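> I'd like to go over a predicted model; first the sequence, then the structure.
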Amino acid sequence: MVDSERLLAAYRAARLDLLARRVPAGHWEGELSSSALSTATAVSALALVRRYSRGATPQADEDEERISQLILRGIDWLADAQNADGGWGDTDKSLSNIATTLLVRAAFQLTCVPAAHADLIERADACIAAQGGIAGLRRRYGKDKTFAVPILTNCALAGLVSWHEVSPLPFELACFPQAWFRFLRLPVVSYAIPALVAIGQARYFHRKPRNPLARAIRSLSVDKSLRVLEQMQPASGGFLEATPLTSFVVMSLASIGQDRHPVVRRGIQFLMASARPDGSWPIDTNLATWVTTLSINALAAEKRVPGSKVPGSRLSEPAEEATELGEIGERCIEWLLDCQVRQVHPYTGAAPGGWGWSDLSGSVPDADDTPGALLALAALRPTIHDGRVVERIEAAASLGVGWLLDLQNSDGGWPTFCRGWAKLPFDRSGADLTAHALRALKAWQASPRFAAAVGRGFAYLEREQRADGSWIPLWFGNQHHPKEENPVYGTARVLLAYGDFGRLASPPAQAALSWLAARQNADGGWGGSLTWKNGRAGGKSSVEETALAVEALLAAADARELQGPIERGLAWLVEAVEGGRHGETSPLGFYFAKLWYYESLYPLIFTVAAVGRAVASRAGRSVPLEIAAAWKAVPTANACRATDSCPTTLR
């Protein structure tokens, strides 16, 4: 066993590091990785805006100079980010892929900026050819046109491919009522309607259909579908706060003479505002709501320790938990409540009650962030002593629970954004989403619909479990896995739901626990593998996946056969904290359509959750709170960087 003092010391260090990453307002914003894919699409969009600009506007001169600077800096950043094989991955830690490499190649073609490194273009072309070119791109995405068509559109605008290679998108379907979208069998996922409209119009104008009826219908739909697009655009100008989606909309509309359209102008302002000083763009602005709720739930992870000697439920023991979470609740509860969407959302038509991933206007309520917020509110509620705030918490939770229940699909699972969109991969129900939703319902379990929804949810999970005992998540992956899947993440997340409901003795949970324990790497960690053989990982482990696996196994810590894997995993995590490696990131996340990212807070959050649960499990009670009094003295991220008082990983 890992020495208990070392374990507690590691927990203290990791928790202080996480607390120090708060912004002055008291919540967390995190930092997403810079993305070659985002940078390439932004550069292409700005280059096409400059090329197709039809004359001066009030801010034209100022914008022109700024756009030129951003293009040059972006191209320089991309040149330095090229991988040894000549291609580009989505992040600086990602393997090269055909999608990103094609987009970067198009950016260089559109800007006509001389390559800063010898043979850059030749090496990129060789990498594209080695990955199968256009055919390889189509193999990567299959029937889903959500990303393949935008990439080919970008390449066509750069003159790298013929418009014949770009599938037409039925932008006229966006003119139908939003509630009809799931019945229209659209060729893109629910959250890509802006791409359907803008790219569909670009394809229509650059290569009009031969059928006169199709030409007439689409011609009559141009203005109305643009009005739909304008209504969907958030105040920030960024669709989903995402650089790639916004860039595809901007470049497509600019190329057909719509450079002065409000959608394009707001999109340009978003791209200029979201550029980073080093010349890059991230995949999204931030995941503030998501990482804040993950952090709160990680700091309260021990409240779900099985076999705790503390009598009663976690909400009936306010003294210690109020001390632990009270300072966070006091500082960010209002912010978290304000993040709840209180009106029908213009982007997806979602009813009021959900939470999105950010407090920014481009965020959209979904079935992962809403459960995270509900779990965080359940953890914070006993720390709040103002009766009016408690009433607001309970009202918000009631609305959020109702929102989740209404989103449940007919198959019993939960989708990301919209009920009933099951045609394409990122619209279907997901095991990770369903498990998260079930845990949130368990935390509040006030609705009379609770029991039926839970039964259907677990039935869905049992059907989705693979023969080997694992589950595959929808929104997270492992780039070294043959199918870019991440069964460690999916299985760990589902097991936490089984643990919350006391179902770990069930056959599905037992099979999953056995699978997870058997997938431990030789070094004691999980994931991050460089090789996969016979379904088992090997190579360098990642902080994120190791912590997730350990936390899930700890839910069944009484099982004797799991003690070895748990202790080896804890030893790996403790050594990572002691060596200052618990902040090391891995490309773990999918944004959509296999767009990779990593988030600076993920390893810290997951480490705190796992090690905190281990400390509580050892103690048989809530996590010792000797350092609770020091929380208020922990500097915020902005202040910390200017002092010597920060935890080691922030110095």
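All right, it came through fine.
> use CA for all of it now, contacts and neighbours both
Will do.
> could you pull out the helices for the stretch 51-200 of the chain?
Taking DSSP state H, counting those that start in this stretch to define them, one finds helices in the stretch 51-200 of the chain at 60-80, 98-111, 120-130, 133-141, 145-157, 193-206.
> kindly report the same for the stretch 401-550 of the chain.
Going by DSSP H, counting those that start in this stretch, the stretch 401-550 of the chain shows helices at 431-444, 450-464, 487-500, 507-518, 543-554.
> looking at these, which is buried most?
helix 543-554 (a mean of 27; mean count of other Cα atoms under 10 Å).
> tell me what angle it forms with helix 487-500.
Angle of helix 543-554 versus helix 487-500, following axes from the mean of the first three to the mean of the last three Cα atoms, to 10 degrees, is 30 degrees.
> who are the packing partners of the next helix or strand after helix 543-554?
On the C-terminal side of helix 543-554, the nearest following helix or strand under DSSP states H and E is helix 563-578. The contact analysis (3 or more Cα pairs under 8 Å, 6 or more residues apart in numbering; DSSP states H and E) places helix 563-578 against helix 4-19, helix 543-554, helix 602-619.
> D369 is nearest to which of those helices?
Counting by Cα to Cα, D369 lies closest to helix 602-619 out of those; the figure is 14.7 Å.
> report all helices and strands that that closest one contacts.
The contact analysis (3+ Cα pairs under 8 Å, 6+ apart) places helix 602-619 against helix 4-19, helix 288-299, helix 543-554, helix 563-578.
> in its sheet, which strands sit next to the helix or strand following the first one, and in what direction?
On the C-terminal side of helix 4-19, the closest following helix or strand by DSSP H and E is strand 34-35. Partners of strand 34-35 in the sheet, by DSSP bridges, are strand 281-282 (antiparallel).
> do you know which of the helices and strands packed on helix 563-578 lies nearest R139?
If we rank the helices and strands packed on helix 563-578 by Cα to Cα, the stretch that ends up nearest is helix 543-554, at 28.1 Å.
> got the CA positions of that closest one in PDB?
C-alpha atoms of helix 543-554 as PDB (Å, rounded to 0.1, in the frame of the first residue of the first chain):
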ATOM      1  CA  VAL A 543      -2.400  11.400 -15.800                       C
ATOM      2  CA  GLU A 544      -6.000  11.800 -17.000                       C
ATOM      3  CA  GLU A 545      -6.800   8.200 -17.700                       C
ATOM      4  CA  THR A 546      -4.900   6.800 -14.700                       C
ATOM      5  CA  ALA A 547      -6.800   9.100 -12.300                       C
ATOM      6  CA  LEU A 548     -10.100   8.200 -14.000                       C
ATOM      7  CA  ALA A 549      -9.500   4.500 -13.700                       C
ATOM      8  CA  VAL A 550      -8.300   4.700 -10.100                       C
ATOM      9  CA  GLU A 551     -11.400   6.700  -9.100                       C
ATOM     10  CA  ALA A 552     -13.700   4.200 -10.700                       C
ATOM     11  CA  LEU A 553     -12.000   1.200  -9.100                       C
ATOM     12  CA  LEU A 554     -12.100   2.900  -5.700                       C
END
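> quick one: it to helix 602-619, angle?
Using the same axes, to 10 degrees: helix 543-554 against helix 602-619 is 30 degrees.
> related to what we said a few turns ago, among the helices of the stretch 401-550 of the chain, which comes closest to L405?
helix 450-464 (7.0 Å).
> how far out from the middle of the chain is that closest one?
Here helix 450-464 shows a centroid-to-chain-centroid distance of 24 Å under the convention Cα atoms, centre = their mean, to the nearest Å.
> quick one on the thing from earlier: select, out of the helices of the stretch 51-200 of the chain, the one closest to E578.
helix 60-80 (32.6 Å).
> still on that earlier bit, what's the most buried one of the helices and strands packed on helix 602-619?
Ranked by mean neighbour count, the helices and strands packed on helix 602-619 are led by helix 543-554 with a mean of 27 (mean count of other Cα under 10 Å).
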